[in-house]
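Asker: Below is the sequence, then the predicted model.
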Amino acid sequence: MSQPVQGDYDEIIQVCLLAGKIMLQNGGETYRVEDTMTRIAASYGIPNSHSFVTPTGILFAADGSAPQAMLTRISERSTDLRKVTIVNDISRKIAFGELTAAEACRLLQEVDADRSAYPGWLKIGAAALASGCFLIMFKGVWSDVIPAVVTGGFGYMGLIYFHRWVTIKFFSEFLASLVIGLLAFLLVTYGGGQDLDKIITASVMPLVPGLLITNAVRDLMAGHLVSGLSKGAEAFLTAFAIGAGIAFVLSFY
């Protein structure tokens, strides 16, 4: 593609930043975000671009007749790999020359504004079912499947509810694990379950930050030490919150 005119630089950089922001907010790896932004810029005629991505911000600069850099702040992060897939598809269309910068910006804005997600009841049901499956995987007895399903479902329900009232992720995860530990303890105490350890272990699995741990390792292996260590620290805090909530309950057992 030919060199963009001066007025196009802002729009191209905006497309790159928006694509990177959506990917980073929804579970994309740091190296994948940087690679996508660089490829988009190159497809629009800016072969020499530079990006610096951390879990809390993106800095992007494009070389041209009037070099300029822009920064976008990442304040919230979640997991929605559907949006990551859509952005990847848009970037491929850009690489094939099927989208102009204005069209790509419009599509990315629609993706960013899309708030549709799986309903809460479906997430809770999936977490409950997964808890029961994890219990069997951990060699638990079949009679403990229902208690694991109940505690796992209520625990994830608590996570959703507490997160609405407590903005700090650590405390919502701590309270959710507290609900799991307390409910599992009551079920076992009153004959609703047999193996407390396996019920608790299976029920907290939906809370475990598996994607975060995976991305931290992949970023470290790709040489992104700042992002890898940051994501690793976030995963450690989540694991600590889960363990602290369970330990608090077990201290009275």
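Answerer: Arrived safely.

Asker: Contacts only, for Gly193.
Answerer: Going by C-beta atoms under 8 Å, 6 or more residues apart in numbering, Gly193 touches 143-144, 147-148, 184, 187, 199. The C-beta positions use only the backbone N, C-alpha and C, and glycine is treated the same way.

Asker: which of these has the most neighbours?
Answerer: Greatest neighbour count in these, by other C-beta atoms under 10 Å, goes to Ala184: 34 neighbours.

Asker: shouldn't that one be in contact with Val149?
Answerer: No. Counting by C-beta atoms under 8 Å, Ala184 does not reach Val149; the two are 11.6 Å apart.

Asker: ok now stretch 22-36, how far from the chain's centre?
Answerer: Chain-centre distance of stretch 22-36: 10 Å, with C-alpha atoms, centre = their mean, to the nearest Å.

Asker: make that stretch 170-190, sorry
Answerer: The gap between the average C-alpha position of stretch 170-190 and the chain average comes to 24 Å, counting by C-alpha atoms, centre = their mean.

Asker: Okay, buried residues for that stretch please.
Answerer: Residues 172-185, 187-188 are the ones in stretch 170-190 that count as buried (16 or more other C-beta atoms under 10 Å).

Asker: Ok, stretch 155-172 next?
Answerer: Neighbour-count burial for stretch 155-172 [16+ other C-beta under 10 Å]: 155-159, 162-163, 169, 172.

Asker: Could you look up the SS state of the closest residue to Gly193 other than its chain neighbours?
Answerer: Once flanking residues are discounted, Gly193 sits nearest to Pro147: 3.7 Å by C-beta to C-beta, 6 or more residues apart in numbering. At Pro147 the chain is in helix, as set by DSSP: H, G, I helix; E, B strand; the rest coil.

Asker: pretty sure Pro147 contacts Leu187?
Answerer: Yes. Using C-beta under 8 Å, Pro147 is in contact with Leu187, at 4.6 Å.

Asker: Which neighbours do those two have in common?
Answerer: By C-beta under 8 Å, 6+ apart, Pro147 and Leu187 have these common neighbours: 193, 199.

Asker: so how many other residues sit close to Cys16?
Answerer: Counted with other C-beta under 10 Å, the neighbours of Cys16 add up to 30.

Asker: Buried residues, the helix or strand harbouring it. List them.
Answerer: Using DSSP states H and E, Cys16 maps to helix 9-25. Buried positions in helix 9-25, judged by neighbour count with 16+ other C-beta under 10 Å: 9, 11-25.

Asker: For the following helix or strand past that helix, list the C-alpha coordinates in CSV.
Answerer: Counting by DSSP H and E, the next helix or strand C-terminal to helix 9-25 is helix 30-43. Extracted in CSV, the C-alpha atoms of helix 30-43 (Å, rounded to 0.1, in the frame of the first residue of the first chain):
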residue,chain,number,x,y,z
THR,A,30,1.0,-9.0,24.8
TYR,A,31,3.1,-10.2,21.9
ARG,A,32,0.0,-10.9,19.9
VAL,A,33,-1.3,-7.4,20.5
GLU,A,34,1.9,-5.8,19.4
ASP,A,35,2.1,-8.0,16.3
THR,A,36,-1.5,-7.1,15.3
MET,A,37,-0.9,-3.4,15.7
THR,A,38,2.3,-3.5,13.7
ARG,A,39,0.7,-5.5,10.9
ILE,A,40,-2.2,-3.2,10.7
ALA,A,41,0.1,-0.2,10.4
ALA,A,42,2.2,-1.9,7.8
SER,A,43,-0.9,-2.7,5.8
